[in-house]
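>>> Below are the sequence and a predicted model for it; my questions follow.
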Amino acid sequence: MDCLSSSFGLINSTTLHNNNNGLRLMLGVCHAKNNTVSRMARFRCAAAASKTYKITILAGDGIGPEIMSVAKNVLRLVGSQQDVNFKFNEMLVGGAAIDATGVPLPDETLAACKQSDAVLLAAIGGYKWDNNERHLRPESGLLGLRAGLGVFANLRPAIVLPQLADSSTLKRDVAEGVDIMVVRELTGGIYFGEPKGIGKNEKGERIGFNTEVYSTSEIDRIARVAFGIARKRRGKLCSVDKANVLEASQLWRETVTAIGSHYSDIQLSHMYVDNAAMQLIRDPKQFDTIVTNNIFGDILSDEASMLTGSIGMLPSASVGESGPGLFEPVHGSAPDIAGQDKANPLAMVLSAAMLLKYGLGEEDAASRIENAVLATLDKGYRTGDLMSPGKTLVGCARMGEEVLKALDSLRPAAVLH
């Protein structure tokens, strides 16, 4: 058994933490066999960790295995420091699952995820499977995983760290200080709506069609999550829709407005999605918390990610009303650089921190990881996507090693809250 054990404190973990994780005493001796971690001079392995969690690991495709390896090493070390043990269960999903089993989400993978305390996913997809039938593409496995776990709220922070303000594609005075949380509805809307498919119209022409559909209850629950997050941030919530032309968005706006009457302390505003896309570039600091539907959130959160300098820095959490959460970096599988030690593992590491904070309630461990990442950036280490003059270019593995060194050097008193 392995010896293991944010969005940077934006919301209180007790809001989303599942209290039924079933903490268990661990009897026996834990040990660490991973070569990278065992090289750490002060790696500590508690003889009997006070808490044990089951984590399903989904390395997936492309750069997924590389960045997941880094995240697991970080978890091993912080676990030894915090008297926490993680039992990893590695399962297949996406293209790797298609190659091995013929489907993107094997039944045994979903079952393992449901039986775990949290799920850590790296990335899925790649050119190899682009021409597969829709239900046999890696992305269908991800959609099925989200639906199967019932994780309807996707939290995507976009924070411009002071160390990376010059890496943003925007001018420093526009980007510096940006701190946005995008709350995306994850299991409804056009990605799941019926009917959908490819057919023929009355002229015999081929047509493709999808359906954007939301129920009041789906909008209600995501709105309440967003209002709760805004309450713990700066008290501002912007609901993004296209209510001027879409009936589904009209219902969205009506429902969010009605829910807002119960949150008089929150400043609620509404914005059309095209304007929101423009305002994120023109004046991103006007936003605090954004709530929106599935497809708009998919697009806007990726746009917001580039304010930070690289999509390789952004973690995400997907949570539901009960059961394990799903934690993954915002970026994709980057098959063009897979296996070349070029990937930025920091979003994966920060996703592990979000898992600790929001999935397991281990806030101290999460804070240690976040501070280790900041300390590594302070020392000037950068992967290619973040590189700038005067910094030290490193690959995925070296970046992971530097985070481990920073984590190992942090004393409890040095951890910021």
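Cool, got the structure. Model, not experiment: these values are computed from the prediction.

>>> Could you pull out the helices in the chain for me?
When assigned using DSSP state H, the helices of the chain occupy the ranges 13-16, 35-38, 64-82, 95-101, 107-114, 138-149, 172-175, 216-232, 247-260, 273-282, 294-305, 346-354, 363-378, 396-409.

>>> How about the contacts made by I190?
Applying C-beta atoms under 8 Å, 6 or more residues apart in numbering, we find I190 in contact with N210, T211, E212, V213, N294, I295. C-beta coordinates here come from the backbone N, C-alpha and C atoms, glycine included.

>>> Touching, the fourth one and E185? I think so.
No. Between V213 and E185 there is no contact under C-beta atoms under 8 Å: 11.9 Å.

>>> ok, the two, which is more surrounded?
E185 (25 against 16; other C-beta atoms under 10 Å).

>>> what's the nearest residue to that one if we skip its chain neighbours?
I222 (4.4 Å; C-beta to C-beta, 6 or more residues apart in numbering).

>>> Look at that neighbour and report its pLDDT.
With respect to pLDDT, I222 has a value of 97.

>>> just the one 3 residues further on next, same as before
Reading off the confidence values, V225 has pLDDT 93.

>>> Okay, it and G320: tell me how far apart.
Here the criterion is C-beta to C-beta, to the nearest Å. By it, V225 lies 10 Å from G320.

>>> In the protein, where's the longest strand?
Counting residues, the longest strand in the chain under DSSP state E turns out to be strand 51-60.

>>> Output the lowest mean pLDDT helix or strand found in the protein.
The helix or strand of the chain with the poorest confidence is helix 13-16; it has a mean of 42 (mean pLDDT, DSSP states H and E).

>>> rewinding a little: who wins on neighbours among the contacts of I190?
Each of those was scored by neighbour count (other C-beta under 10 Å); the top score is that of N294, with 24 neighbours.

>>> how about it, what does it touch?
For N294, the set of contacting residues under the criterion of C-beta under 8 Å, 6+ apart consists of R184, E185, L186, T187, G188, G189, I190, Y191, F192.

>>> cutoff 6 Å now
By C-beta atoms under 6 Å, 6 or more residues apart in numbering, the contact list for N294 reads E185, G189, Y191.

>>> Quickly name whichever of the residues you listed is closest to S140.
When these are compared for distance to S140, the smallest value, 10.4 Å, is given by Y191; criterion: C-beta to C-beta.

>>> Identify the residues contacting that closest one.
Counting by C-beta under 6 Å, 6+ apart, Y191 touches N294.

>>> any idea how far F327 is from it?
Separation of Y191 from F327 (C-beta to C-beta): 20 Å.

>>> Check E176 too.
Taking C-beta to C-beta as the criterion, E176 is separated from F327 by 28 Å.

>>> who's more crowded, those two?
Using other C-beta under 10 Å, the more surrounded residue of E176 and F327 is F327, with 30 against 16.

>>> excluding its backbone neighbours, what's nearest that one?
Among residues not flanking F327 along the chain, L355 sits closest, at 4.1 Å (C-beta to C-beta, 6+ apart).

>>> What sits closest to D341 if chain neighbours are left out?
Beyond its immediate neighbours in the sequence, the residue positioned closest to D341 (C-beta to C-beta, 6+ apart) is G395, lying 3.8 Å away.
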